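S.K.: Any chance you can model this:
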Amino acid sequence: MKKPLLIEIEEAAPSPAEAPPVTDPGDAPPPEGRAMQIAARIAARPPSKLGRFFWRAAGALVTFLASVAAWRFVEGLFASNPVLGWIATVLFAAFVLAALLIAARELAAFARLGRLDRVHREVLEAAQADDLGRARKVVTHVSGLYAARAEMDWPRRTLAERGPEQLDTDTLLRLVETELMAPLDAAARLEVEAAARMVATVTAVVPLALADVFAALTANLRMIRRVAEIYGGRAGTLGAMRLARTVMTHLVATGAVAAGDDLIETVTGGHLFAKLSRRFGEGVVNGALTARVGVAAIEVCRPMPFRALQKPRVTNLTRRALTGLFGRDKAPEDPAP
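M.R.: Below you'll find the model as predicted:
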């Protein structure tokens, strides 16, 4: 029978003084809006020349092969059953017609965006030259952008009545901006606030990886497209992607897509949830960065620069967007100029 074995431990038990210090939650790095930064870089990344060449060649090859296959298929139907051959011909013709109409719509969207850019340049040139005659032509062009929109009939009528009374270039341009741009700016702000609210909610609530990046990318693309439509530059799919790349490239180049300390402190400073949960903090910052993208989209799509009216502020847009979402009081409106 074996004797019991006694093992003596000479080392002393660790004392509470040796325990590592508890980290303060306030020492954690502030939220940076990672989802919005990734989405902005994805949208702003220009395609390489090799990539464009590859996709164009691949598209041409697929189109050619599909056309040959469709032609042989229709020929086979005509040989076996003429009725089915004619039905296939009609369906193929309808498909080609739909493709041509989509292409025409995209070209018209590019033309509308180009028209906005042209009117914007005319406004700047008329203001710099202080030419009343050119300013009156600008009034006609800006008003013509919204001739087909019933909700703009009253502002256009007011402008038509008061415009001839103005004898100063700056006063006339300010009148145009006050009458025509004010309702459009209000509608654009609502779109920006809705996009910021959605991005903040998805980031804070959905725990799935990359779901916040996808939500931020889709929400910003839809917001930019809606802002362009509000100002008269309704864009198609390709036009919206090009416009989004223009906006995001400008933001990435200027560093405006990064969440600075002033933005983080201003936006998250009063949110209790942002202090207690990093996910909620990321949601708030992503919403603020979405509002910043919206302000840039307004500046790009607006046919007139901000002179008489005040440019929307990111902090005010974010606070209004998140009102009631994370328990924040109602934010004040943008002050009148």
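S.K.: now the helices: where do they sit in the stretch 1-150 of the chain?
M.R.: 34-44, 49-80, 82-129, 132-144 (DSSP state H, counting those that start in this stretch).
S.K.: which stretch among these comes nearest residue 245?
M.R.: helix 34-44 (6.0 Å; C-beta to C-beta). For glycine as for every other residue, the C-beta is placed from the backbone atoms N, C-alpha and C.
S.K.: just to revisit the earlier point, tell me which of the helices of the stretch 1-150 of the chain is the most buried.
M.R.: helix 34-44 (a mean of 21; mean count of other C-beta atoms under 10 Å).
S.K.: And the helices of the stretch 1-150 of the chain: which comes nearest residue 201?
M.R.: helix 34-44 (12.3 Å).
S.K.: So residue 89 is in contact with residue 74, correct?
M.R.: Yes: here residue 89 lies in contact with residue 74, judged by C-beta atoms under 8 Å, at a distance of 5.8 Å.
S.K.: Of all the helices of the stretch 1-150 of the chain, which one comes closest to residue 218?
M.R.: Using C-beta to C-beta, the helices of the stretch 1-150 of the chain put helix 34-44 closest to residue 218, at 8.8 Å.
S.K.: before we move on, the earlier item: using JSON lines, please lay out the helices of the stretch 1-150 of the chain together with distance to residue 155 and mean pLDDT.
M.R.: As requested, those are exported to JSON lines (distance: least, C-beta to C-beta, whole Å; pLDDT from 0 to 100):
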{"stretch": "helix 34-44", "distance to residue 155": "33", "mean pLDDT": "58"}
{"stretch": "helix 49-80", "distance to residue 155": "43", "mean pLDDT": "84"}
{"stretch": "helix 82-129", "distance to residue 155": "16", "mean pLDDT": "86"}
{"stretch": "helix 132-144", "distance to residue 155": "9", "mean pLDDT": "85"}
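S.K.: among these, which is nearest residue 282?
M.R.: Of the helices of the stretch 1-150 of the chain, nearest to residue 282 by C-beta to C-beta is helix 34-44, at 6.8 Å.
S.K.: quick one: which of the helices of the stretch 1-150 of the chain is nearest residue 171?
M.R.: helix 132-144 (9.4 Å).
S.K.: just to revisit the earlier point, can you tell me which of the helices of the stretch 1-150 of the chain comes nearest to residue 243?
M.R.: helix 82-129 (6.5 Å).
S.K.: Give the other helices and strands that the closest one contacts.
M.R.: helix 49-80, helix 132-144, helix 169-176, helix 237-254 (3 or more C-beta pairs under 8 Å, 6 or more residues apart in numbering; DSSP states H and E).
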